[in-house]
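> what follows is a predicted protein model with its sequence.
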Amino acid sequence: MSRITEAQIKQQFRDLPDGNPNYDEMWKRICAETERRRAGWTEHAAVSEPKRAVSRARRWAMAAAAAAVLAAAGGTAVYFDVFPNKEIVYTEMGQKIGISSESQGVEVTLNSVAVGPRALEQKNQMALRIHLTDSAKRGLTEVQTEQTILTDLDSGRELNRLQEYNDNVFVYDEDKGGWTLTQYFESDLSPEDGTKHYRLTFNGLKYATEQTLDSLQGEWVIDFEVEARNLFAATYDMPIQDQNQSAFEKRTGVKLEAAKVSPFEVRIPVVRDRKYAPDQAGFVYYEDIVLQTDDKKIPGTWAPNPEREEEFQPEGVDPNGPESLYFNLTDYGLDDINEKSLTLRLRGAIVVNDYPEAWTPVAAPTETPQKVQAKMPDGSVIDYKVTRKGKDVQMQTPNRKELQVVGGTKLKVDGKLYESDPAQTLSKFTQDNGFRIDVFKNVPEGKEFSVNAGTYRVQDSSRDISIPIQN
């Protein structure tokens, strides 16, 4: 292999804006693959591991570099996925367009346009569903546009592309026999905005075949007209049946409103009778949320998360906004879910329990830690470690994923209740284990001591539920 070619390609790997992956190790794997191909060696793929979601732009760069390596080595370009990605089948919703532009043996068609909420936000986005056909039959293995521009012809303003979807790489659609791409732009349209005129412009295409990397310079321009109300037509409410609503409310004490469906997400508002408070007993939320369709499981998010402080909320979420269950359809490319059965699967309920009458006797505390185990009315087991430190008493409890003291333990001495000093509470939590220490100030020597857990957080599998939304 040419040392100039090798140095250039290795530098391209290092220049990829992708944090700190080990591109030198990837280079070794590619070189090893080249030698195996030369020797006629064939690897049988093992059972695949669960695939990670990665940028298709990065996959393009990696595939292109691999092609260059193998071509330089005089071998046949065989593409292997260094960063495997889940298969995506895109949605067709909103207003159908069907206008094409052809140049240099490539036809680009704007299939449809839709507007709906951005995931986890109140703002809208516009999605353009695009199809590319290789009329010249070059045998494309990768293709991407160098630049995409969407212009509002009524105002002359270019719409901003959304950075989180800054991906110009087409994906091959076996069902339709061509390449597909969805481009996302900011949108302030409302259904009352009437007729709108836009221009979609592709500037240049880069592509790969099994033997070459090349590009086509030029423009593909599509002028199109939409009715604003049609763009929102795929956004609608899907009521949850009364019997299912009742079953959910019985398990949780909160209510679910009608599911709000758009081309990009399903959002199910959650309504509480009273605002959540960390030291308040009752249901908090579900950790494991899945929307099951005919053939896909879409993981969801409970947001804002009632337990998390503002800085730990998902990006774009108003920490003081109304709670909802969110399911991002964009990442999983569903067809119109109005045609599918839907089941909401909720697991891993987080609950705060409080049993003010559940006191556990302990011996008078000394400097030697005293270990006491208490079984709570809900079946939970809490391990206490009680120690006297001079005039004070310390009470240590475990912090585990499945059980954590929330509001602070309590202590009784000869029938008198003592509260811990919040300013001296020490809490440590690492991964699945940790501890909490509450400090009770100026506790007298007494005869009868007892401890109470106060409010504590547990996982309650008895509240698991599956709710049919649509059959």
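Here it is on my side, so go on.
> ok, the helix or strand encompassing Leu200: who's next to it in the sheet?
Using DSSP states H and E, Leu200 sits in strand 195-208. The sheet places strand 195-208 alongside strand 142-145 (antiparallel), strand 148-152 (antiparallel), strand 213-227 (antiparallel), with pairing taken from DSSP bridges.
> buried residues in it, which are they?
Buried residues in strand 195-208, counted by 16 or more other C-beta atoms under 10 Å: 196, 198, 200-202, 205-208. The C-beta positions use only the backbone N, C-alpha and C, and glycine is treated the same way.
> that strand - what's its average pLDDT?
Averaging pLDDT along strand 195-208 gives 95.
> starting at the chain centroid, how far to that strand?
Once both centres are worked out by C-alpha atoms, centre = their mean, to the nearest Å, strand 195-208 turns out to sit 29 Å from its chain's centre.
> with stretch 109-118 instead?
Averaged C-alpha coordinates place stretch 109-118 at 21 Å from its chain's average position (C-alpha atoms, centre = their mean).
> which residues touch it?
Outside stretch 109-118, the residues that touch it by C-beta atoms under 8 Å, 6 or more residues apart in numbering are 92-100, 123-133, 162, 187, 189, 200, 222, 224, 226, 228, 231-232, 234-235, 260, 262-265, 267, 316.
> related to what we said a few turns ago, what's the most buried one of the strands paired with strand 195-208?
strand 142-145 (a mean of 22; mean count of other C-beta atoms under 10 Å).
> pLDDT of that strand, averaged?
What strand 142-145 shows for mean pLDDT is 92.
> which ones are touching the residue nearest to Ala363 when sequence neighbours are not counted?
Closest residue to Ala363 apart from its sequence neighbours, by C-beta to C-beta, 6 or more residues apart in numbering: Gln370 at 5.9 Å. Taking C-beta under 8 Å, 6+ apart, we find Gln370 in contact with 362-363, 385-387.
> next, format those as JSON lines and append neighbour count and distance to Thr151.
Output for the contacts of Gln370, formatted as JSON lines (neighbours: other C-beta atoms under 10 Å; distance: C-beta to C-beta, whole Å):
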{"residue": "Val362", "neighbour count": "20", "distance to Thr151": "74"}
{"residue": "Ala363", "neighbour count": "10", "distance to Thr151": "79"}
{"residue": "Lys385", "neighbour count": "15", "distance to Thr151": "68"}
{"residue": "Val386", "neighbour count": "22", "distance to Thr151": "71"}
{"residue": "Thr387", "neighbour count": "16", "distance to Thr151": "72"}
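> can you report how many residues lie near Ser246?
Counted with other C-beta atoms under 10 Å, residues neighbouring Ser246 total 11.
> give me the secondary structure label for it.
Following DSSP: H, G, I helix; E, B strand; the rest coil, Ser246 is assigned to helix.
> tell me the pLDDT of it.
At Ser246, pLDDT is 92.
> from here on, call the first residue 159.
Understood, numbering begins at 159; the last thing we discussed is Ser404.
> please name the nearest non-neighbouring residue to Glu279.
Nearest to Glu279 is Gly474, by C-beta to C-beta, 6+ apart, at 4.5 Å.
> that's a helix at the one you found, yeah?
No. Counting by three-state DSSP, Gly474 falls outside a helix, being coil.
> that one and Leu320 touch, don't they?
No. Between Gly474 and Leu320 there is no contact under C-beta atoms under 8 Å: 11.4 Å.
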